[in-house]
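K.L.:
Take a look and give me a structure for this.
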Amino acid sequence: MVQNYLIISGSNSEKVTNREIFHKYIGMTSPTPMGIEVEKAEGIFLFDPEGKRYFDLVSGVAVCNTGHRHPAILKAVNDQLDKYLHLMVYGEFIQSPQVQFAKMLADHLPESLSCNYFVNSGSEAIEGAMKLAKRYTGRTGILSFRKAYHGSTQGSLSILGDESLKNAFRPLLPGIRHIRFNNFEDLDHIDESVACIVVETIQAEAGVILPVDGYLEALRRRCTEKRVLLVMDEVQTGLGRTGKLFAFEHYGVIPDILVLAKGLGGGMPLGAFISSHKIMSSLTHHPELGHITTFGGHPVCCAAAIANLEVILKENLISQVEEKGNLFIELLGDHPAVKAIRNKGLMMALELHHHYEWQKVLKIFIANGIITETFLFDPHSFRLAPPLTITPDEIREACERIRKGLSMI
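P.N.:
Below is the predicted model of the structure:
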């Protein structure tokens, strides 16, 4: 057994465990964290100090699309460590990992999405996109969707589509309105007062809600007609998760601003908002430093991101996503506890028939070596978003454990 503790020196020396330190010195996001102590991660697995193996079926919430500690990403990180770490605030120095990754992304995006602004996270990328839209259009209104999640900073919280998570922090940004996803009539709210509308290509925290046929196309047409910028949040859907490199490719709709994070850095913190040079250049003047970030596009993170994207492309992970998603459906869809499975590739929601106590359900899964979680705005479903590197045999073993857990609730 690995002893994970800190020895406190002094007249009353004592051993303090990591668990005790966690609860005493780490700010909590909820009263009931999972509380699993991770000693090591490898591929699709997490290991605790006693050596128990857990299937990571959420990928750190759509972050580790290429698995944990992929050898190519580790090599890229180590190679960059031998050169330099942080040099200067973003946008002043020419740093090879930044510029090479920007070019690499541009090579795989439409021409109108060729100018990258690298930041630290999805929330910051959303903030940057909102500022860019206001600056470019000269308008102040912003639309987003009910049950949408875009982050928890003040601006991104303002466009979040659930009031219960926002009321404790008001006042938030003015000029924000929410419409219903997949409701064609609500598109009439997009008018000349609106700078941008921010949409998840697939609603994630609502429980993997896909756009109905023709909806995103109608949204694009309305934005073009009213000269409103269309911002697509692909923080969870990007980098191969849905069976395309970017989910908007499924629908033939190109945004004016694309927002990426989570899976972008291969396990390292990295976000981006991406647009055309014409739109992006509006942040450079009146005033200068329209957006500024110290650590955005950190060279080590960008080096990891290059290797991450290379792995996704060279190992043909995207071409396997649909088949792997279908295998989950085949192995879990007939369980009597499962009401429905919604998915696009390996972005999945399993809806259960009854209203279970989710803390109990998650504890059962954890006991069976399964890491999953619920959705913010769908209390009746749980998330499956494993690394894209998961093998069919690993899927089968994971599904056996899930079925066992479902039979215990």
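K.L.:
Same question for stretch 82-95: list its buried residues.
P.N.:
Tyr90, Gly91, Gln95 (16 or more other CB atoms under 10 Å). Quick note: C-beta positions are derived from backbone N, CA and C, even for glycine.
K.L.:
pretty sure the first one is touching Pro299, no?
P.N.:
No: in this structure Tyr90 lies outside contact range of Pro299 using CB atoms under 8 Å: 10.7 Å.
K.L.:
Geometric centre of the protein: which residue is closest?
P.N.:
The chain has Gln236 as the residue nearest its centroid, 3.3 Å off, counting by CA atoms, centre = their mean.
K.L.:
Which of the three states applies to that one?
P.N.:
Recorded secondary structure, Gln236: coil (DSSP: H, G, I helix; E, B strand; the rest coil).
K.L.:
Relative to Val198, how far out is it?
P.N.:
Counting by CB to CB, to the nearest Å, the gap from Gln236 to Val198 is 14 Å.
K.L.:
what about stretch 16-30, how long is it end to end?
P.N.:
Start-to-end span of stretch 16-30 (CA to CA, to the nearest Å) is 23 Å.
K.L.:
Run the chain-centre distance for that stretch.
P.N.:
25 Å (CA atoms, centre = their mean, to the nearest Å).
K.L.:
got the buried residues for it?
P.N.:
By 16+ other CB under 10 Å, stretch 16-30 has no buried positions at all.
K.L.:
Could you do stretch 343-360 as well?
P.N.:
Asn343, Lys344, Gly345, Leu346, Met347, Met348, Ala349, Leu350, Glu351, Leu352, Tyr356, Trp358.
K.L.:
Dump it to PDB, keeping only the CA atoms.
P.N.:
In PDB, the C-alpha atoms belonging to stretch 343-360 read as follows (Å, rounded to 0.1, in the frame of the first residue of the first chain):
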ATOM      1  CA  ASN A 343     -25.500  10.000 -28.600                       C
ATOM      2  CA  LYS A 344     -23.300  11.400 -31.300                       C
ATOM      3  CA  GLY A 345     -20.300   9.100 -31.500                       C
ATOM      4  CA  LEU A 346     -18.700   8.800 -28.100                       C
ATOM      5  CA  MET A 347     -20.700  11.700 -26.600                       C
ATOM      6  CA  MET A 348     -23.400   9.700 -24.800                       C
ATOM      7  CA  ALA A 349     -26.200  10.100 -22.300                       C
ATOM      8  CA  LEU A 350     -27.900   7.000 -20.700                       C
ATOM      9  CA  GLU A 351     -31.300   7.900 -19.400                       C
ATOM     10  CA  LEU A 352     -32.800   5.700 -16.700                       C
ATOM     11  CA  HIS A 353     -36.400   4.800 -16.200                       C
ATOM     12  CA  HIS A 354     -36.800   5.800 -12.600                       C
ATOM     13  CA  HIS A 355     -35.700   8.700 -10.500                       C
ATOM     14  CA  TYR A 356     -32.800   7.300  -8.600                       C
ATOM     15  CA  GLU A 357     -30.700   8.900  -5.900                       C
ATOM     16  CA  TRP A 358     -27.700   9.800  -8.100                       C
ATOM     17  CA  GLN A 359     -25.100  10.000  -5.300                       C
ATOM     18  CA  LYS A 360     -26.000   6.300  -4.500                       C
END
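K.L.:
Looking at the buried residues of stretch 343-360, which has the smallest pLDDT value?
P.N.:
Comparing pLDDT over the buried residues of stretch 343-360, the lowest score belongs to Tyr356 (78).
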